[in-house]
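K.L.:
Whatever this is, show me its structure:
(2 chains)
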Protein chains: 2
Amino acid sequence: MDLFELMMKRRSVRNFEDRPVPSDVVDRLLDVANNAPSGGNIQPLSIVVVQEPEARVELAEMVGGQPWVKNAPVSMVFCIDFYRVKKWASMFDVEFLGERALSLFLIAYADLMCAAQNVVVLAESEGLGSVYVGTIQSSVSHAREFFGMPDYVLPLMVLSLGYPKSVPKTIPKLATDVVVHRERYRVPSDDEISAAFESKYGDITDDVDAYLKRAYIEVVEADRQGDRGRVENAKERMNKLDIKSNAEFLFNLRYPQRLMVGMNSRLIASMRKAGFDFPGVGRVSAPGAPPSEASGTSP
Amino acid sequence: MDLFELMMKRRSVRNFEDRPVPSDVVDRLLDVANNAPSGGNIQPLSIVVVQEPEARVELAEMVGGQPWVKNAPVSMVFCIDFYRVKKWASMFDVEFLGERALSLFLIAYADLMCAAQNVVVLAESEGLGSVYVGTIQSSVSHAREFFGMPDYVLPLMVLSLGYPKSVPKTIPKLATDVVVHRERYRVPSDDEISAAFESKYGDITDDVDAYLKRAYIEVVEADRQGDRGRVENAKERMNKLDIKSNAEFLFNLRYPQRLMVGMNSRLIASMRKAGFDFPGVGRVSAPGAPPSEASGTSP
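P.N.:
Reported below is the predicted structural model:
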């Protein structure tokens, strides 16, 4: 299969065969992760490879009890790692302040995702499936403690990999021309937006089981993989919340928005605990007011 | 070339032939961007494709005068786009609050980088070169205005592409086993850290021109591409700052750390202007103190 087709066919896989990934394959995946683009080639990145059964169980817990993380023969925990580079800089009496500079944080996180996506693509070409698990971001402190991470190391993304037992047929993507703009951003009309999402998500009311299989494959797979009751629970919540649209399903049930806003403080507390704190961020109380002066020289 | 080799050989290219990229190639790149993994498959992403000469000049300015952004036949501006999804949700009287939930912001930024890295890899296989340009993050408001972006759209990464005129031999990557940890994070010793970076960066004092070509290819390329004086300026600053180590070069000269910390407020102000504001972030003045209660329901 050529690379274009491979990328177009890739879907997140959550159902893995109980078959180890040969170590030379794992090593190649790690090599392309390490060779991914890195801002300024500073490589402020660490990857913890998790294969031992007990650690897989623990990692699955950390990410909210996702059974495929336990069942995948390999998971990789991608971390921003400023520990190594700060230490190195300090040997020459130089300050590296990535844990205080938002731009360095964002570039490091971009590095991390370049590395992870290289793994996704190469894994696919090796016949493996993979799934990103971002919910490690709600257990940063737990993960740091379990894996023994020093200050300035932040685990921010998990990628679980294995040979697929099945590849789901999921919700299709938006048409490319909805996402792509030529030369300037073209603000879409309400009708265009509505049509784009309608054609992506389809009708919600037809058949609840079929809908969940398409739109909430996580609960269907969790149910199948021993974490029973998830589908029934989702159906109950659909009734209770009177879910009648895809938008309600997504943002009231699946990703409850106010709950997610409320989780900010937890993530920030974990980051502070790891030594990350960005001067000049959030010092303004009234929205729209000019930001306070940051420490350091202004550009 | 197989995919592994392609990924291992890829280097950022900043010197492009004056040759257009065929539109079917551009379209394939955009298709794989659009088909990249997306958290919850929500696709809160827009890509502005820039090919017109005047817009290329303007974009090059925005990112700090990088001539390869002007010279590349195609650049793509990757944006978090919560406008579309908020609008859609509002049609069903549902709130989407990605602009207030840090986790949704971080997952959307991860989506954006998955899309961009798919482009990097497919481009490479099509004989194209590419370079990420993250400095758009210091011109977010300018970029939003120029491209006509509505609220809740944040341009955060540029990828410039074209047929390579030359591929630089750059600083090698750290050895994979420095970046990779098995089962648990292994805190490296000072000696290991020092050896890892020494073998990556090599000696600084040998030959300044050769050093800059290896370690600061941006100024060498900018010099070559008409933005003269960059190399001389870098040499002068090396003398003035008395740069004697790779760490000093990187973090005193190339990425001046205190300056970068001072840029936080500018990025945050741009984000606020676009409607992004995260309750619970930065409301704590004393480091280490518990975070204040966020609005919304706690998890």
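K.L.:
Residue A:155 contacts residue A:45, correct?
P.N.:
No - if you go by C-beta atoms under 8 Å, residue A:155 and residue A:45 don't touch, sitting 11.2 Å apart. Bear in mind the C-beta positions are built from the backbone N, C-alpha and C, glycine included.
K.L.:
who has more neighbours, those two?
P.N.:
When neighbours are counted by other C-beta atoms under 10 Å in any protein chain shown, residue A:155 comes out ahead of the other of residue A:155 and residue A:45, with 30 against 27.
K.L.:
Quick check: neighbours shared by residue A:155 and residue A:45?
P.N.:
Common neighbours of residue A:155 and residue A:45 are listed as A:78, A:79 (criterion: C-beta atoms under 8 Å, 6 or more residues apart in numbering or on different chains).
K.L.:
In contact with residue A:49, which residues?
P.N.:
Taking C-beta under 8 Å, 6+ apart, we find residue A:49 in contact with A:26, A:30, A:74, A:75, A:76, A:77, B:180, B:181, B:182, B:183.
K.L.:
Among these, which lie within strands?
P.N.:
With DSSP state E as the criterion, strands contain A:74, A:75, A:76, A:77, B:180, B:181, B:182 from among the contacts of residue A:49.
K.L.:
residue contacts, the most centrally placed residue in chain A?
P.N.:
For chain A, the residue nearest the mean C-alpha position is residue A:134 (3.0 Å; C-alpha atoms, centre = their mean). By C-beta under 8 Å, 6+ apart, the residues touching residue A:134 are A:156, A:157, A:158, B:39, B:103, B:106, B:107, B:110.
K.L.:
just curious, which of those residues is nearest to residue A:217?
P.N.:
residue B:39 (13.5 Å; C-beta to C-beta).
K.L.:
Look up how far chain A lies from that closest one.
P.N.:
Going from residue B:39 to chain A by C-beta to the nearest C-beta, to the nearest Å gives 6 Å.
K.L.:
you'd agree that residue is up against residue B:112?
P.N.:
No - assessed by C-beta under 8 Å, residue B:39 is found out of contact with residue B:112, at 10.7 Å.
K.L.:
who's more crowded, these two?
P.N.:
Ranked by neighbour count (other C-beta under 10 Å), residue B:39 and residue B:112 place residue B:112 first, with 27 against 21.
K.L.:
Closest one to residue B:210 out of the ones in strands among the contacts of residue A:49, please.
P.N.:
residue B:180 (30.4 Å).
K.L.:
so that closest one bridges to which residues?
P.N.:
Residue B:180 forms beta bridges with residue A:47, as assigned by DSSP bridges.
K.L.:
show me the contacts for it.
P.N.:
Taking C-beta under 8 Å, 6+ apart as the test, what residue B:180 contacts is A:30, A:33, A:34, A:46, A:47, A:49.
K.L.:
that older thread, can you list which of the contacts of residue A:134 are found in helices?
P.N.:
Of the contacts of residue A:134, the ones assigned to helices by DSSP state H are B:103, B:106, B:107, B:110.
K.L.:
for chain A, which spans come out with low pLDDT?
P.N.:
A:282-299 (pLDDT under 70).
K.L.:
Let me see the domain layout of it.
P.N.:
Chain A breaks down by automatic domain parsing into domains covering A:3-166, A:176-260.
K.L.:
just these: most buried one?
P.N.:
Among the domains of chain A, domain A:3-166 has the highest mean neighbour count (mean count of other C-beta atoms under 10 Å in any protein chain shown), at a mean of 21.
K.L.:
mind listing the helices in the stretch 101-250 of chain A by residue range?
P.N.:
With DSSP state H, counting those that start in this stretch, the ranges of helices along the stretch 101-250 of chain A come out as A:102-125, A:140-147, A:176-179, A:190-201, A:208-215, A:217-224, A:230-240, A:246-248.
K.L.:
The third one near chain B at all?
P.N.:
Going back to what we said before, that points to helix A:176-179. Yes - Helix A:176-179 is in contact with chain B by C-beta under 8 Å from any C-beta of the partner chain, via A:176, A:178, A:179.
K.L.:
Now the last one: closest residue in space that isn't a chain neighbour?
P.N.:
Okay, so that is residue A:179. Take residue A:179 and drop its neighbours on the chain: the residue closest to it by C-beta to C-beta, 6 or more residues apart in numbering or on different chains is residue B:34, 5.0 Å away.
K.L.:
now the second one
P.N.:
Distances taken as C-beta to C-beta, 6+ apart put residue A:196 closest to residue A:178, at 4.5 Å, once the chain neighbours are dropped.
K.L.:
now the first one
P.N.:
Sequence neighbours aside, residue B:34 is the residue nearest to residue A:176 in space, at 4.5 Å (criterion: C-beta to C-beta, 6+ apart).
K.L.:
do the same with residue A:169
P.N.:
Leaving out its chain neighbours, the residue that sits closest to residue A:169 by C-beta to C-beta, 6+ apart is residue A:214, at 7.2 Å.
K.L.:
quick one: the one you found from residue A:170, how far?
P.N.:
Residue A:214 sits 7 Å away from residue A:170, taking C-beta to C-beta, to the nearest Å as the criterion.
K.L.:
go on, residue A:90?
P.N.:
Counting by C-beta to C-beta, the separation of residue A:90 from residue A:170 is 47 Å.
K.L.:
how about stretch A:151-161, does it get close to chain B?
P.N.:
Yes - using C-beta under 8 Å from any C-beta, stretch A:151-161 comes into contact with chain B via A:153, A:156, A:157.
K.L.:
and that stretch, C-alpha only, in PDB?
P.N.:
What follows is stretch A:151-161, C-alpha atoms only, in PDB (Å, rounded to 0.1, in the frame of the first residue of the first chain):
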ATOM      1  CA  ASP A 151      11.200  17.800  38.100                       C
ATOM      2  CA  TYR A 152      10.700  19.300  34.700                       C
ATOM      3  CA  VAL A 153       9.400  16.100  33.100                       C
ATOM      4  CA  LEU A 154       5.800  16.100  32.100                       C
ATOM      5  CA  PRO A 155       4.000  13.000  30.600                       C
ATOM      6  CA  LEU A 156       1.400  14.500  28.200                       C
ATOM      7  CA  MET A 157       0.500  11.800  25.700                       C
ATOM      8  CA  VAL A 158       0.200   8.000  25.600                       C
ATOM      9  CA  LEU A 159       0.300   6.000  22.400                       C
ATOM     10  CA  SER A 160      -0.800   2.300  22.700                       C
ATOM     11  CA  LEU A 161       0.200  -0.100  20.000                       C
END
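K.L.:
can you give me how far it is from the chain middle?
P.N.:
Here the centre of stretch A:151-161 is set off from its chain's centre by 9 Å, with C-alpha atoms, centre = their mean, to the nearest Å.
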